[in-house]
Every structure is written in structure tokens, then in C-alpha cells.
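J.: Got a sequence here, can you model it:
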Amino acid sequence: MEAKLYSTMLGDKELSIETGKVAKLVSGSVVVRYGDTMLLATAQGSDRPSNLDFLPLTVEFEERHYAIGQIPGSFMRRESRPGEKAILSSRITDRQIRPLFPKGYKFETQVIITVLSADQKNAPDVLGPIAASAALSISDIPWDGPCATVRVGRVDGNFVINPTLQQLMVSDLDIVVAGTKDAVLMVECAAKELGEDIMVSAIEFAHAQMQGVIELISQMQAEVGHAKTEWKPEESLESIEAKKADLEVVSRMTKERDLKTAILTVGKKAKSAATKAVRESIINDLAPAPSSDDKEILEAHAARVTQLKGVFDKAQQIELRRMVIEDNVRADGRNPQTVRPISIETNYLPRTHGSSLFTRGETQVLGTVTLGTGKDEQIIDDLGLDDGDKFLLHYNFPPYSTGEVKRLGGQSRREIGHGVLAKRALKAVLPSYDSFPYVIRVVGDVLESNGSSSMATVCAGTLALMDAGVPITAPVAGVAMGLVKEGDKYAILTDILGMEDALGDMDFKVCGTRKGVSALQMDIKIKGITPALMREALEQAKDARILILDKIEAAISAPRAELNVNAPRIITVKIPVDKIGSIIGPGGKNIRELEQMGAQINIEEDGTVRIYSADAAAAEAVKARIVGATETAKLGQEYDGKVVKIMEFGAFVNIMPGTDGMIHISQLSEQRVNKVEDVLNVGDTLRVKVVSIDDRGKIDLIRPELEGKIAPRTPRAPREGGDRGRGGGRDRR
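T.: Numbering: from 1, shown residues only. Below you'll find the model as predicted:
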């Protein structure tokens with residue numbers, strides 16, 4: 001196929017998609033360009049189905065440092081495991097394309113997005129999903145696209161489509177929306193406490209703006225797309241009809257054996273045991289254990305049991321949804337609007353800088369805060385503008401939180417994504433680094449999980465920050481919303497359980513303050529979510545958020561007035577830029593000596609020096625040394641000086657470290673002085689005042705108590721080659 005280029009306008013720039021030029025052996029490949037940012041996306045499927053019971057889809061987002069003309073900063077000087085930004089970018093793409101694969105499709109599918117060029121203006125993360133959509137659309141892989149993704153910012157109150165990285169710095173909104181021609185699929189958002197109406201309007205704006213891209217990909221698919229591989233579910237019509245018959249029987253038996261009561265059993269473990277007992281009794285009746293030891297008979301029985309378990313799960317899902325829609329009751333007995341009971345404990349750990357234990361129902365998170373120095377800033381080595389991060393939030397989801405046994409390894413993509421969602425929620429209320437110059441690390445350890453652990457992390461993080469004395473502008477709370485929709489009937493669920501997340505039609509996480517939304521994440525599993533329904537969900541989430549904020553403020557009404565005793569104290573000093581070298585010293589000698597006094601020191605390029613120490617006295621002592629070493633003499637200022645050198649015409653007096661001035665013999669006394677040593681000797685201390693500083697920095701001094709009593713001396717140019725003293729003093733003859 002020869003190369004072909006397609007283009008459309010997206011916002012104020014042209015978006016082009018080219019195919020047929022590179023990576024031609026893969027099923028579908030495209031190169032997307034927006035400004036000078038370019039991405040290659042490839043889509044390839046296996047030619048045989050897997051044995052897995054889910055879609056084996058992998059999405060990789062590969063950042064190449066040559067894209068910005070740099071060599072990677074890692075030890076190996078090559079790209080290694082993906083960073084946080086790349087992981088988030090791959091998650092955005094995955095969440096956009098996964099719902100559009102046919103149900104039951106089990107062929108291994110791989111989408112790889114490679115950033116070839118990044119102009120550091122147009123972010124590649126929202127171009128990746130567009131490229132993936134185009135590659136899948138023109139491939140032979142069965143897929144119900146196209147779809148598209150766009151970002152919306154808000155600058156000076158106006159929505160901006162795909163804002164540049166520079167515009168995002170002044171935007172109070174950063175929302176990423178994915179959708180098809182008819183529906184929104186996914187939303188990811190960070191905001192600065194904006195109202196719910198603004199959120200809905202931004203989503204509607206994004207969905208309208210992406211339609212041109214969707215039409216362009218549809219045109220590509222019609223003109224250059226491969227014929228889609230014919231695929232049908234493996235099940236035969238007879239098998240499907242048999243499952244329907246089984247479902248009718250099992251559904252009737254669940255009513256007879258009161259599955260609803262089992263579902264309403266209090267407690268996750270007790271509920272699981274009760275529903276399992278109903279399931280086992282039904283299976284024992286429909287597939288009793290065989291009396292024969294024949295291998296084929298045993299295998300057939302095992303297959304039948306597995307099939308009936310799946311049918312029971314479907315029947316249970318139907319009953320759960322019926323309970324919500326018809327009975328207005330949920331799996332734990334709540335109505336749709338109720339938040340689970342909340343308990344809060346702050347200052348839970350004795351040695352952390354801040355800690356909290358937040359429990360909501362059977363979801364529990366331990367939140368901790370650690371305050372660090374500038375040296376603790378995380379180095380970022382990706383394709384963006386930032387090279388460091390002073391606010392870190394890490395979310396951990398150990399297997400014991402759900403009562404399971406799993407292999408421990410690195411953080412999963414889910415953990416990274418949940419952590420970033422919580423980070424966005426809290427970042428909106430953090431103080432500026434200038435006013436609170438600490439690197440802040442929040443950790444959310446999930447100790448129990450039965451739904452909405454990421455939102456519990458937001459609440460635990462807020463509490464830990466306030467417990468540490470971090471002056472956040474307002475507490476933040478988070479709540480996860482769900483949806484059950486059957487035809488025209490629907491129910492919006494507040495504070496969903498894990499079971500409701502799995503069996504519902506929407507997962508909508510909303511975080512914010514009393515003032516407005518600070519973060520939002522939405523995944524929709526059905527088509528047809530209207531703006532009106534979205535507004536209703538946001539308003540219901542707001543009611544829950546206010547209730548949770550009431551609980552948080554009852555536990556701790558505001559950030560503590562003083563930092564935790566274990567947290568480092570900080571003193572900020574501003575020094576002249578040309579004095580930075582003298583503070584550091586040769587090979588860092590001077591700064592090491594200062595840090596041996598009991599403090600950490602961080603010096604920035606603009607001359608800002610931050611001194612960190614748990615010992616306030618040590619910090620003050622270091623500050624005095626730095627100020628003394630960098631201070632410059634001021635005209636008219638008095639100093640306590642020390643005589644360091646005697647000359648026949650006067651004495652040189654050290655008034656601060658590295659700075660001497662000269663007091664002339666005529667300025668030592670009201671009476672005539674024949675010899676300097678008659679009045680002063682080396683080592684004597686005296687009060688002096690700066691009366692002149694010439695353009696070469698040479699300083700003349702006087703004894704302030706004699707000012708006005710003796711005639712001021714007229715300075716004369718120094719004799720060529722004369723002794724100028726140290727650090728500014730000069731020979732006067």
C-alpha cells in the first residue's frame with residue numbers, strides 16, 4: 001500500500017495521520033503529527049485464540065529521548081522501564097479502546113505507541129489514543145471503533161482544546177475525555193476547585209470537538225482499511241441456548257433459596273460465605289458428584305460445575321441489579337445515596353511527620369506524610385517540561401487488603417493510576433513551595449479494601465497532611481459513584497462496594513473541597529450516558545463529599561499550628577548569586593562544614609538558601625554563619641569589629657567574615673594621636689561605623705561616638721602598590 005496522508009483541524013492546529021509509509025508488516029500502523037509532536041502506533045493481533053478467560057490486550061507507550069534531542073539520564077543511558085507519565089498515557093489508551101473489542105474476543109492483541117518527536121508544547125499523551133484508534137481501525141482486528149481522545153484546558157475562563165504545556169501551567173482545568181461518535185467512554189481530570197457545571201460543560205465541549213477526528217479515522221478505514229477478520233464467539237448456538245435454559249433454572253432456584261438474604265448478609269467475608277452456600281446447594285442439585293472414577297466422567301462433571309458457577313454469577317448479577325432498581329436496596333442494605341460508616345484517627349504513628357487511619361465501611365487506608373528537603377525532590381526523566389517533582393503520592397495495594405495471597409512485586413499500573421488520581425486531588429490545595437519549602441511525600445497503604453480505596457487514600461492523605469501541619473488551603477474528600485441502568489430506569493450509587501463496581505455500569509470517582517472539584521475519573525461501561533445523568537451523579541457525589549468533609553473536620557478542624565516535632569525545621573536566607581560559590585567552597589568543603597553543625601542545606605540558582613534541621617538552634621547557627629559569610633557592608637551601618645592589622649596611618653578592622661575596613665589615625669580620638677598603638681592593638685574590639693565605600697569597594701570607618709566631634713577625613717587615593725588590607729580595606733597615606 002502506498003503512503004497516504006489524512007488531516008483535519010483540531011483546535012487551532014492541524015492533526016495529520018499518515019499510513020503506508022513505515023512499519024508496513026504490521027496489521028495496522030499510523031504516524032500521527034500535531035505541531036512537531038509525532039507518534040507511531042502499531043496494532044497487531046495473534047492468529048489463534050488464547051486459553052485465558054479475558055481479553056489479552058496489552059498497550060505500551062514508549063518514550064524515546066531522541067524525541068527531545070536528549071540522551072537518557074539513567075545509569076545505562078538508554079530507555080528502561082516506563083516512567084509514571086508513560087504508564088498513565090498507556091492507561092488512557094487502554095481505557096479508551098478496551099470496551100470496543102467484541103465480547104468474548106480472546107485473541108492476544110498488542111498496541112504499541114512510540115513517541116518519535118516531542119516539541120514540548122503539544123503533549124503526546126492525548127495523541128496516543130488517537131493513533132491507536134486509527135491503527136486498530138485500519139487493521140484486520142475486529143474492533144468497534146473509531147474513537148478519539150482530546151484534552152480541554154480553561155484559560156481566563158475559556159475552554160481551550162488540546163492546550164499546550166505552557167497553557168496548562170496557567171489553566172485551572174486539565175481534563176482528558178475519550179469517546180466515540182455517540183458516547184463518552186472515559187474521563188480523567190485535575191481541576192482547581194471548579195464547580196460541577198463546569199465539569200459537565202467541559203466534557204460536552206470535548207466530545208463535540210473530537211467528532212472531526214472520528215470522522216477522519218472513519219474515512220481512513222473506508223479508503224485504506226483492511227477487511228476485518230471474521231470472528232464469532234466460540235460457543236455454538238446450542239451452547240448459548242443451553243446457557244439461557246440454565247440461567248432460567250438457576251434464577252428460579254436462587255429465589256427459592258433466598259439469594260437476596262445471602263447478598264444482604266453483613267460483612268464481606270460473611271456475605272461471600274452465604275452466597276457461596278447458596279451456589280453450592282444449587283450446583284449439588286443440578287450436577288451431583290459422579291459415583292464413577294472414570295476420567296472422562298470426572299472431567300465432564302468438572303466442566304459442568306464450572307459452567308454452572310458462571311451461570312450462578314450471572315444470576316447473582318441480575319438479582320443485585322434488580323434489588324437496586326426495584327427494591328431501592330444495595331448489597332449491604334444501604335439505599336443508593338448513603339455513605340458507609342466512617343471512623344477517623346489522626347496522629348496514629350509516633351515517629352512519622354503526619355499520619356491518619358481512615359476507615360469507611362470495609363475499606364481502610366493508612367495515610368502518612370513525610371516532609372523532606374530540596375535534596376529529596378524526585379528527578380523526572382521523561383519528555384515533558386518538568387525535571388523534578390516536589391510532591392509525591394504513592395498508593396500501595398497489598399494482597400492482604402482483600403484477604404488474598406499474591407506474589408509481591410513492583411507497583412502495578414493500577415496502583416500508579418490510583419496514586420496519580422489521589423495526587424491530583426490533593427495537589428490543588430497544597431501551599432506553594434515558596435511559602436512552604438518542603439518536599440512532601442504522602443503514602444496511602446490500603447489495609448482493607450471493599451471498594452473505593454483510591455478515594456479513601458484521598459481522605460487519609462488530607463488527614464495526614466493536616467496532622468503534619470502542612471498548611472493546605474482546604475481539606476479534600478473523595479467518593480466513588482456507580483450506576484445501574486436498565487432501560488429507562490436507573491439508580492446512581494454513592495460510595496460503591498467492590499461488588500457494585502464489578503457489576504455496575506459506571507465507575508465515577510469525584511474528589512474535591514467544599515468549594516469545588518479537584519479531580520475526577522470516569523469509566524463508562526454502557527452507551528448513552530446523558531449530560532443530565534452526569535450532572536445528577538456529580539450533584540449526588542457533592543452531597544456525599546460534604547458529608548465526608550464534615551467527618552474529617554470533626555476529627556481535625558484545620559492543619560496543626562506547629563509542624564510535628566519529628567519534622568525538620570526550615571529557615572530561608574537570600575544571598576547574592578555571586579556569593580553562592582563561597583558558601584559551597586572548593587569541592588563542597590564549606591557546605592560540608594556547615595552541615596556538620598547539624599543541618600541540611602539546599603542552595604538554588606537564584607541565591608535562595610534553605611536550611612533544614614530538627615534542631616532550631618543548629619539551624620540558627622548555620623544561618624548566622626551563612627549571613628556572615630555573604631553579607632556586604634552598608635553605608636552608615638555600625639558593626640562590632642576586631643583589629644586585624646596596624647599600619648602607621650591607621651588600623652584595619654574586620655567588620656564581618658572576609659570584610660575589613662580602615663579607620664584612619666585621625667579618626668581614633670578627639671586628641672591628636674601620634675601612634676596608632678597608643679589607642680589600638682591587634683586583637684582589640686571596638687564599635688565602628690561605615691562612613692564611605694568607594695567604587696572599588698574600599699571601606700572607611702569611624703568610631704561612632706566621635707562622629708561630629710572631630711573633623712571628617714577627606715579620603716585620598718591609595719598609593720599605587722600600597723597595602724589594601726583584606727576584603728575591602730585599603731592603604732591611606
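
J.: Okay, residue 222 and residue 134: tell me how far apart.
T.: 13 Å (Cβ to Cβ, to the nearest Å). Glycine gets a C-beta too; all of them are placed from N, C-alpha and C.

J.: So which of these two has more stuff around it?
T.: Higher neighbour count among residue 222 and residue 134: residue 134, with 30 against 10, using other Cβ atoms under 10 Å.

J.: three-state assignment of that one?
T.: Following DSSP: H, G, I helix; E, B strand; the rest coil, the label given to residue 134 is helix.

J.: mind listing what residue 285 touches?
T.: Contact analysis of residue 285 by Cβ atoms under 8 Å, 6 or more residues apart in numbering lists residue 253.

J.: Then residue 534?
T.: Going by Cβ under 8 Å, 6+ apart, residue 534 touches 200, 203.

J.: helix or strand for it, which one?
T.: helix 531-555 (DSSP states H and E).

J.: what does the average pLDDT come to for that helix?
T.: For helix 531-555, the mean per-residue pLDDT is 95.

J.: list the contacts for residue 651?
T.: 643, 645, 662, 663, 668, 676, 680.

J.: Run through the bridge partners of the fourth one.
T.: When bridges are taken as DSSP bridges, the partners of residue 663 come out as residue 651, residue 701.

J.: Make sure it is actually in contact with residue 688.
T.: Yes: applying Cβ atoms under 8 Å, one finds residue 663 in contact with residue 688, separated by 6.2 Å.

J.: neighbour count winner among these two?
T.: Ranked by neighbour count (other Cβ under 10 Å), residue 663 and residue 688 place residue 663 first, with 28 against 25.

J.: Now the element after the strand ranked longest in the chain, going C-ward?
T.: Taking DSSP state E as the criterion, the chain has its longest strand at strand 37-49. Following strand 37-49 in sequence order, the next helix or strand is strand 57-63 (DSSP H and E).

J.: distance between that following strand and the chain's centre?
T.: Centroid displacement of strand 57-63 relative to its chain, using Cα atoms, centre = their mean, to the nearest Å, is 20 Å.

J.: Next, the buried residues of that strand.
T.: Of all the residues in strand 57-63, those buried under the rule 16 or more other Cβ atoms under 10 Å are 57, 59, 60, 61, 62, 63.

J.: Next: stretch 639-658.
T.: For stretch 639-658, the neighbour count (16+ other Cβ under 10 Å) marks 639, 641-647, 650-656 as buried.

J.: Between those residues, which sits nearest residue 531?
T.: Set against residue 531, the nearest of the buried residues of stretch 639-658 by Cβ to Cβ is residue 656 (67.7 Å).

J.: just to revisit the earlier point, and which of the contacts of residue 651 is nearest to residue 41?
T.: Closest approach between the contacts of residue 651 and residue 41, by Cβ to Cβ: residue 662, at 74.3 Å.

J.: Please tell me I have it right and the closest one contacts residue 646.
T.: No: in this structure, residue 662 is not within contact of residue 646 by Cβ under 8 Å, at 11.1 Å.

J.: which residues do those two both contact?
T.: With Cβ under 8 Å, 6+ apart, residue 662 and residue 646 have common neighbours residue 652.

J.: list the helices and strands the host helix or strand of residue 137 packs on?
T.: Using DSSP H and E, residue 137 maps to helix 127-138. Counting contacts by 3 or more Cβ pairs under 8 Å, 6 or more residues apart in numbering; DSSP states H and E, helix 127-138 packs against strand 13-19, strand 28-34, strand 37-49, helix 84-97, strand 107-117, strand 148-155, helix 211-224.

J.: export the first one as PDB, just CAs?
T.: Right, strand 13-19. Presented in PDB, the C-alpha positions along strand 13-19 are these (Å, rounded to 0.1, in the frame of the first residue of the first chain):
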ATOM      1  CA  LYS A  13      -3.700  23.200  14.800                       C
ATOM      2  CA  GLU A  14      -3.700  20.600  12.100                       C
ATOM      3  CA  LEU A  15      -3.800  17.000  13.000                       C
ATOM      4  CA  SER A  16      -2.400  14.700  10.400                       C
ATOM      5  CA  ILE A  17      -2.500  10.800  10.200                       C
ATOM      6  CA  GLU A  18      -0.200   9.000   7.700                       C
ATOM      7  CA  THR A  19      -0.300   5.400   6.900                       C
END
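
J.: Just checking: what are the partner strands of that strand?
T.: By DSSP bridges, strand 13-19 pairs with strand 4-10 (antiparallel), strand 28-34 (antiparallel).

J.: Quick one: the ones you listed as TSV, columns for distance to residue 588 and mean neighbour count too.
T.: Shown next, in TSV, are those (distance: least, Cβ to Cβ, whole Å; neighbours: other Cβ atoms under 10 Å):
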stretch	distance to residue 588	mean neighbour count
strand 4-10	50	14
strand 28-34	45	25
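
J.: Reformat those strands as a markdown table; add distance to residue 245.
T.: Converted to a markdown table, the strands paired with strand 13-19 look like this (distance: least, Cβ to Cβ, whole Å):
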| stretch | distance to residue 245 |
| --- | --- |
| strand 4-10 | 49 |
| strand 28-34 | 40 |
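
J.: any idea which element the residue nearest to residue 555 when sequence neighbours are not counted lies in?
T.: Spatial nearest neighbour of residue 555, chain neighbours left out: residue 344 (4.0 Å); criterion: Cβ to Cβ, 6 or more residues apart in numbering. In the assignment (DSSP H and E), residue 344 maps to strand 342-346.

J.: Quick one: residues contacting residue 205.
T.: The neighbourhood of residue 205, defined by Cβ under 8 Å, 6+ apart, consists of 152, 159, 161.

J.: Local confidence estimate at it?
T.: pLDDT, residue 205: 97.

J.: So it versus residue 233, what's the distance?
T.: Using Cβ to Cβ, residue 205 is found at 38 Å from residue 233.

J.: Over to residue 270?
T.: Note on residue 270: its distance to residue 233, by Cβ to Cβ, is 36 Å.

J.: Where does the most centrally placed residue in the chain sit, in terms of helix or strand?
T.: Centroid-nearest residue in the chain: residue 420, 3.4 Å away (criterion: Cα atoms, centre = their mean). Assigned by DSSP H and E, residue 420 belongs to helix 413-427.

J.: swap in residue 178?
T.: Under the criterion of DSSP H and E, residue 178 resides in strand 173-179.

J.: next SSE after that strand?
T.: Downstream of strand 173-179 (by DSSP H and E), the next one is strand 184-194.

J.: hmm, who's touching that following strand?
T.: Strand 184-194 has contacts (Cβ under 8 Å, 6+ apart) with 92, 95-96, 99-100, 147, 149, 154, 172-179, 198-199, 202-203, 207, 421, 424, 427-429, 474, 512-513, 515-524, 529.
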